[in-house]
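[1] can't give you the sequence, but here's the structure:
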């Protein structure tokens, strides 16, 4: 026993605080927050929330129109015939289907948020 209690007190004086590789003092809360930000499971959950929010937004938008053009020239015909076609179509939704679709994806967003919160809780408990 070298120094007795004074060695123990010196060793545990800064309990909950550690130094980084650059000599900066870091508290336990800062270390836990930094570790949580680097956790791939939590980052994946946040990415899933962003993806479901994007799908919800997309579900509420009208689809893009379809536009097309075709042209043909018939060779070997005495009078030189040509055919040109122009196509434009757009799907339409009635009966509030876009709103219903938004609601469905809104529930998926809520589910993703609950799953992320569950993962955060599991992470804190460990």
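    Thanks, I have it. These numbers were taken from a predicted model, which means no experiment stands behind them.
[2] from here on, contacts and neighbour counts on C-alpha atoms
    OK.
[3] care to break the chain down by domain?
    1-38, 39-125 (automatic domain parsing).
[4] could I get these as TSV with mean neighbour count?
    Shown next, in TSV, are the domains of the chain (neighbours: other CA atoms under 10 Å):
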stretch	mean neighbour count
domain 1-38	11
domain 39-125	13
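[5] Comparing those by mean pLDDT, which bottoms out?
    Taking the mean pLDDT of each of these, the lowest value is held by domain 1-38, a mean of 61.
[6] residues touching residue 72, list them.
    82, 83, 84 (CA atoms under 8 Å, 6 or more residues apart in numbering).
[7] Distance check, it against residue 29.
    Distance of residue 72 to residue 29, given as CA to CA, to the nearest Å: 71 Å.
[8] can you check residue 71 too?
    68 Å.
[9] Just the ones of the contacts of residue 72 in strands?
    82, 83, 84 (DSSP state E).
[10] where exactly do the helices run in the protein?
    Secondary structure of the chain (DSSP state H): helices located at 5-12, 28-37, 40-59, 97-125.
[11] Not counting residues beside it along the chain, what's closest to residue 120?
    residue 42 (6.7 Å; CA to CA, 6 or more residues apart in numbering).
[12] Spit out the contact partners of the one you found.
    36, 116, 119, 120.
[13] Tabulate those residues (CSV), appending distance to residue 63.
    Output for the contacts of residue 42, formatted as CSV (distance: CA to CA, whole Å):
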residue, distance to residue 63
36, 39
116, 31
119, 35
120, 36
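[14] Farthest-apart pair in those, please.
    36 and 116 (12.4 Å; CA to CA).
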